[in-house]
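# Please work out how this folds:
(one chain, ligands or ions: 1)
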Amino acid sequence: MHPALRAFNLMPIQTQIFDTSDQVAQSAANTIATLIRNKPDAVIGLATGSTPVKTYAELIGLHRNENLSFAKVTTFNLDEYWGLDGDHNQSYRHFMQNLFFDRIDIRPWNTHVPNGKAVDPALEGEAFEAKIRACGGVDLWLLGIGSNGHIAFNEPGSPPDSRTRQIDLTPETIHANTRFFQNQEDVPRKAITVGIATIHDARQVLLLATGEGKSKAIKQALQDPPSSQCPASFLQNHPNCTFMLDKEASSQIT
Ligand code: PGA
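This is a model prediction of the structure:
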């Protein structure tokens, strides 16, 4: 175990606190790499956003320098903006290709991101869930967390039995996303997201959070009773869930 690491069990969620966000990324990448080395055809759930970027860089390093192969791995992403197609430079498909998939040996047909341009969001949601089931379910889902406690785009108010569906983004999330778009009016107002039940079905969940801005949501997720007000708090019911945090993100845990 890394000397900078403090580990303790607050609740069923295993909480690991690291000095730096680099150490969070290294630990997350090592967890995923160990899974793939034990199960080369693992099914892995992935996230976009700023938080996992360093983890993807670490995994690319393990692929290039330590023969970690993704050739048999299947991936599912959490969400996609509604109305953007995969070629749009702010789509989550584009993000994943650019930062990860194009830099490893994963087979393109084994990568799945919800289709933000699907004709019928309800059918797209059902098809996405069916694909996950057909692959035998997700072995490990990597997550970030929103400062409002959302996981994927399951905004506050999302029920624990939710599945892949179209949702309206909250003003807070739209505001947080404006940094990626040139004009405020270009920021998508809707998204298609897996549900809380979809995430809960994964055999293992690994949530990463770095920075002070996440500290309130982390405290609520770990220490408040599970409720739709903080969708991440529903992870308290998951039998194999780990939060990897830097010191800043853990600063409000009491
Ligand atoms: P972030 O987003 O990693 O860019 O902070 C996480 C999230 O909103 O789920």
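# and the stretch 101-250 of the chain, which residues reach the ligand?
Within reach of the ligand by CB under 6 Å from any ligand atom, the stretch 101-250 of the chain has these residues: 144-146, 150. For the C-beta atoms, the positions are set from N, CA and C on the backbone; glycine is no exception.
# Can you redo those residues as JSON lines, where the extra columns are neighbour count?
What follows is those, written out as JSON lines (neighbours: other CB atoms under 10 Å):
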{"residue": "Gly144", "neighbour count": "20"}
{"residue": "Ile145", "neighbour count": "27"}
{"residue": "Gly146", "neighbour count": "24"}
{"residue": "His150", "neighbour count": "26"}
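# Quickly check those for the two that are furthest apart.
Gly144 and His150 (9.2 Å; CB to CB).
# sorry, back to before: between the residues of the stretch 101-250 of the chain next to the ligand, which is nearest Leu235?
Once CB to CB is applied, the member of these that ends up nearest Leu235 is Ile145, at 9.4 Å.
# Looks like that closest one contacts Thr210 (just checking).
No: with contact defined as CB atoms under 8 Å, Ile145 does not reach Thr210; the gap is 10.1 Å.
# So which bits of the one helix or strand Ala33 maps to are buried?
With elements taken from DSSP states H and E, the one containing Ala33 is helix 21-38. For helix 21-38, a neighbour-count test (16 or more other CB atoms under 10 Å) marks 21, 23-29, 31-33, 35-36 as buried.
# Likewise for stretch 212-227?
With burial defined by 16+ other CB under 10 Å, the residues of stretch 212-227 counted as buried are 214-222.
# Can you tell me which of these is nearest the ligand?
Lys214 (7.0 Å; CB to the nearest ligand atom).
# Pull the contacting residues for the closest one.
145, 147, 248-249 (CB atoms under 8 Å, 6 or more residues apart in numbering).
# now swap in Glu58 and tell me
25-26, 28-30.
# Verify the contact between Thr254 and Gln223 for me.
Yes: counting by CB under 8 Å, Gln223 is a contact partner of Thr254 at 7.0 Å.
# Just send the residues of the stretch 101-250 of the chain next to the ligand back as a markdown table, with secondary structure and pLDDT too.
Putting these into a markdown table (DSSP: H, G, I helix; E, B strand; the rest coil; pLDDT from 0 to 100) gives the following:
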| residue | secondary structure | pLDDT |
| --- | --- | --- |
| Gly144 | coil | 98 |
| Ile145 | coil | 98 |
| Gly146 | coil | 95 |
| His150 | coil | 95 |
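# Please consider this matter closed, and thank you.
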